[in-house]
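Q: next comes the sequence, and after it the predicted model I'd like to discuss.
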Amino acid sequence: MTTGALRPVVLRLAAPAVAMMACHFSFNLIDSIWVGRLIGPAALAAVSTAGFYVWVALSLGEMVEIGLIAVAARRHGERHPERAARAAAAAVMYALCAGLAVSIVGWSVAGPMFRLMRVPPEVASLGHAYLSTWLLGAPLVFGFFAIEATFRAAGDTRTPFLMLACSVGVSILLDPLLIMGIGPFPRLGVEGAALASVMVRGGGFLVGLVIALRRGLVRVGEPDWRSLPTIVRIGAPLSLAGVLLSLIYMWLTRFTSRFGTAALAALGVGHKMEGLGFIAISGFSLAASALVGQNLGARQEARAQEAVRLTVGYCLMVTVTTAIAFLLIPGSLVGLFTRDPQVIRDGVLYLRVISVAQIGQSFELILEGALAGAGYTFWPQIVSTTLTGMRIPLAAWWSGAIGLLGIWLALSVTAVSRGIAMILFWRGGRWRAMKV
């Protein structure tokens with residue numbers, strides 16, 4: 001990552017990372033498609049609303065992932081792989097404990113959370129069942145984030161991708177079996193979808209841990225506990241921003257629920273379709289983070305900047321395409337999840353409004369990843385979080401004036417604004433002074 005032509009290195013890192021993000025995204029997507037088609041709009045809305053706490057959990061898991069990539073990539077760039085392995089060991093142990101804590105909190109707050117969102121009783125009941133089951137496997141999901149970061153910081157994105165791809169394949173087959181109770185499997189409904197998701201990801205973590213131990217990428221007997229504060233310090237701002245974003249979506253659900261169950265289902269469907277662009281953006285962001293971390297560790301700032309420029313360019317090729325698809329064929333995309341005409345109508349409106357945000361998110365997330373690789377995350381996330389928080393007053397104001405369209409507009413306008421803010425932070429250059 002620190003020598004030779006950059007273009008092939010960017011693609012070599014980004015392509016498996018994009019595929020890996022697609023796999024992560026696929027778990028909830030698979031759940032939503034099967035639940036929406038096999039059970040109905042209420043179950044689809046339930047998985048979507050429960051997914052907001054799942055998003056909180058995954059954002060907290062990414063705290064370890066983001067911080068460990070920055071620290072371990074810097075150690076690899078400095079030619080100290082043993083220090084990277086010790087930091088990874090501490091991160092894995094911390095991730096398992098954090099996952100357990102998130103599960104306990106989740107079981108405690110599930111009821112109040114659904115009451116806060118003011119969803120219909122049927123949606124709340126199904127959502128509670130889905131979330132309670134998913135939380136059983138949260139510690140292993142957190143552990144997988146740490147294992148992923150361990151491989152990526154060392155420049156290996158293929159191994160975690162292969163593990164995830166196999167997990168997704170099993171999930172596609174296992175979901176309908178557990179939802180409908182086909183053959184020897186029990187009929188579990190929405191709980192079956194959640195169980196399939198965490199079972200396959202937990203298995204992926206265990207396989208990944210064994211491989212990392214054999215390659216010497218994790219040294220369980222010698223964890224570097226002193227690296228944990230740095231890992232948390234770097235990862236916390238981005239992670240907490242994700243938590244806040246999810247909490248904001250919960251609050252937006254209060255506004256959306258006034259327009260009925262179909263609107264709630266459309267919010268979930270639109271959010272997931274928006275994730276198609278997010279897959280590419282996040283994958284390229286991970287590549288940018290690792291490239292910046294290693295090249296700054298090797299004292300090659302110009303190469304780090306060029307890597308970011310190339311990464312943004314490649315990502316825009318994908319996100320411009322998804323933006324065009326949201327404008328031209330939104331009905332076909334929403335129709336993958338449901339046949340309900342009202343859900344399709346509201347979802348089509350969401351995709352058309354949010355299409356322009358795909359471009360803003362490309363700059364936002366890739367530059368966030370680059371800044372995280374440099375260890376500069378605090379102030380960018382303060383600004384990003386503030387802009388995200390503006391969604392609540394904007395949605396309240398605009399939905400009162402122009403209905404459901406106002407909520408969708410609040411999401412799009414703030415996403416574009418965050419992209420502009422990250423451009424200004426990167427060009428400002430204060431990240432150059434950070435010590436990792």
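A: It's in.
Q: assign residue 58 to helix, strand or coil.
A: helix (DSSP: H, G, I helix; E, B strand; the rest coil).
Q: the nearest residue to residue 432 once chain neighbours are set aside - how many residues pack around it?
A: Nearest residue to residue 432, sequence neighbours excluded (CB to CB, 6 or more residues apart in numbering): residue 301, at 6.8 Å. The way it works is simple: take the backbone N, C-alpha and C, and place the C-beta from them, glycine included. By the criterion of other CB atoms under 10 Å, residue 301 has 15 neighbours.
Q: quick check, residue 301 in contact with residue 295.
A: Yes - at 7.3 Å, residue 301 counts as touching residue 295 under the criterion of CB atoms under 8 Å.
Q: coming back round to it: any idea how far the residue nearest to residue 432 lies from residue 193?
A: Remark: distance between residue 301 and residue 193 (CB to CB, to the nearest Å) = 47 Å.
Q: so where's the protein uncertain?
A: Counting by pLDDT under 70, the chain contains low-confidence residues at 1, 238, 241, 436.
Q: what are the ranges of the strands in it?
A: Counting by DSSP state E, the chain has no strands at all.
Q: residue 6 contacts residue 303, correct?
A: Yes - at 6.8 Å, residue 6 counts as touching residue 303 under the criterion of CB under 8 Å.
Q: find residues that contact each of those two.
A: Residues touching both residue 6 and residue 303 (CB atoms under 8 Å, 6 or more residues apart in numbering): there are none.
Q: for residue 168, see how far away residue 30 is.
A: Counting by CB to CB, the gap from residue 30 to residue 168 is 7 Å.
Q: repeat for residue 317
A: For residue 317 relative to residue 168 (CB to CB), the value is 24 Å.
Q: can you check residue 71 too?
A: 29 Å.
Q: looking at these two, which has the bigger crowd around it?
A: Between residue 71 and residue 168, residue 71 has the larger neighbour count (other CB under 10 Å), namely 29 against 21.
Q: give the contact list for residue 296.
A: By CB under 8 Å, 6+ apart, the neighbours of residue 296 are 74, 77, 304, 373, 374, 436.
Q: swap the cut-off to 10 Å and go again
A: By CB atoms under 10 Å, 6 or more residues apart in numbering, residue 296 lies in contact with 2, 70, 73-74, 77, 303-304, 373-375, 431-432, 434, 436.
Q: what's the answer for residue 321, then?
A: By CB under 10 Å, 6+ apart, the contact list for residue 321 reads 276, 277, 280, 358.
Q: let me know the closest of those to residue 226.
A: residue 280 (35.9 Å; CB to CB).
Q: return the residues in contact with the closest one.
A: 14, 17-18, 21-22, 314-319, 321-322, 358, 361-362, 365-366.
Q: how many neighbours does the closest residue to it other than its chain neighbours have?
A: Once flanking residues are discounted, residue 280 sits nearest to residue 318: 3.9 Å by CB to CB, 6+ apart. Neighbours of residue 318 under the rule other CB under 10 Å: 19.
Q: and if you look at residue 104?
A: 12.
Q: same check, this time on residue 160
A: 27.
Q: now residue 213
A: When neighbours are counted by other CB under 10 Å, residue 213 comes out with 14.
Q: for it, give its distance to residue 15.
A: Taking CB to CB, one finds residue 213 at 26 Å from residue 15.
Q: ok so, going back, can you list residues touching both of residue 301 and residue 295?
A: Between them, residue 301 and residue 295 share the contacting residues residue 374, judged by CB under 10 Å, 6+ apart.
Q: give the contact list for residue 257.
A: Residue 257 touches 45, 49, 117, 118, 119, 120, 123, 263, 264, 267, counting by CB under 10 Å, 6+ apart.
Q: can I get these in CSV including neighbour count and distance to residue 145?
A: What follows is the contacts of residue 257, written out as CSV (neighbours: other CB atoms under 10 Å; distance: CB to CB, whole Å):
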residue, neighbour count, distance to residue 145
45, 34, 28
49, 29, 23
117, 21, 26
118, 13, 32
119, 26, 29
120, 16, 33
123, 26, 29
263, 24, 32
264, 27, 29
267, 29, 26
